[in-house]
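1. Sequence and predicted model, in that order:
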Amino acid sequence: MTQSKRGPRPTSRKAARGSFRIIGGAWRGRRLDFPALAGVRPTGDRIRETLFNWLQPVIQGARCLDLFAGSGALGLEALSRGAAEVLFVDRDPTLTRAVEGHLEMLQAVGGECRCQEAGRFLQGHGRRFDLVFLDPPFGSADWPALCEQLHSGGWLVEGARVYLEDAAGVGEPSLPHGWVLLRSAKAGNVGYHLASPPQPADREGEE
């Protein structure tokens, strides 16, 4: 999940660790611990199950970006289910070190971590991804700006998919012109969505 849904720091040794379970693929059933810094928690099992059902036709061999990676649950689930590459980006070095530890323990191929703030990362030179996970702090996302940075920065291949997660009360995300909302659902207080950027033919029609 994210560096996102954060509350008071844990005060007891017991509360200092969180955990999540990989629910499908090669590492199905593996439970992984992560530092419960400032209330970071993974995207729930039910949501991940639905999301990866949506992504089943495209996940095999996909190149993925897990922005606001936090615990790394989304990116690790993607690798477990056959993604070729996942770049995990989070601003917290404790979290990125934990994800690196999981990759080493699982003997994962194709995982890479970068400790960097998301906006600064997107200002860099774009690597092209088939799939991007966006799970920033609830209620804080400027979805049009984030999506436009991904698109104009050259981070997305043609036909890419972008996952967006936010509080359910926010409603469907506002997307830039030409983007398509492919799927949308709610689970408890979480709203989650799958979108795609404009295709070349769409852009030609705008000119």
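-> Arrived safely. Predicted model only: the values in this text are computed from it and were never measured.

2. just how off-centre is stretch 169-187 within its chain?
-> Distance of stretch 169-187 from its chain centroid, counting by Cα atoms, centre = their mean, to the nearest Å, is 15 Å.

3. List the buried residues for it?
-> Within stretch 169-187, the residues that count as buried by 16 or more other Cβ atoms under 10 Å are 173, 175, 176, 179. Every C-beta, even on glycine, is put in place using the N, C-alpha and C of the backbone.

4. what's the span of it, first residue to last?
-> 11 Å (Cα to Cα, to the nearest Å).

5. Averaged pLDDT, the longest strand along the chain. What do you get?
-> Counting by DSSP state E, the longest strand found in the chain is strand 156-167. Mean per-residue pLDDT for strand 156-167: 96.

6. Give me the helices and strands touching it, please.
-> Under the contact criterion of 3 or more Cβ pairs under 8 Å, 6 or more residues apart in numbering; DSSP states H and E, strand 156-167 touches strand 129-134, helix 143-152, strand 190-196.

7. Which residues in stretch 113-123 does the neighbour count mark as buried?
-> 113, 115, 116, 118, 121, 122.

8. contacting residues around it?
-> Residues outside stretch 113-123 that contact it (Cβ atoms under 8 Å, 6 or more residues apart in numbering): 67-69, 87-93, 96-97, 99-100, 103, 136, 146, 149-150, 153, 155.

9. Restricted to helices, list those.
-> 93, 96, 97, 99, 100, 103, 146, 149, 150 (DSSP state H).

10. I'd like to know which of those residues is nearest to residue 42.
-> Residue 42 lies nearest to residue 99 out of these, by Cβ to Cβ, at 11.6 Å.

11. so what's the residue nearest to the spatial centre of the chain bridging to?
-> Geometric centre of the chain, nearest residue: residue 133, 2.6 Å, by Cα atoms, centre = their mean. Under DSSP bridges, the beta-bridge partners of residue 133 are residue 66, residue 163.

12. in what helix or strand does the closest residue to residue 144 other than its chain neighbours lie?
-> With Cβ to Cβ, 6 or more residues apart in numbering as the criterion, residue 144 has its nearest non-adjacent residue at 5.0 Å, and that residue is residue 176. Using DSSP states H and E, residue 176 falls within no helix or strand.

13. ok so, going back, distance to residue 41, secondary structure and pLDDT added to the buried residues of stretch 113-123, as TSV?
-> Output for the buried residues of stretch 113-123, formatted as TSV (distance: Cβ to Cβ, whole Å; DSSP: H, G, I helix; E, B strand; the rest coil; pLDDT from 0 to 100):
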residue	distance to residue 41	secondary structure	pLDDT
113	19	strand	98
115	20	strand	97
116	22	coil	96
118	18	helix	93
121	22	helix	95
122	24	helix	94
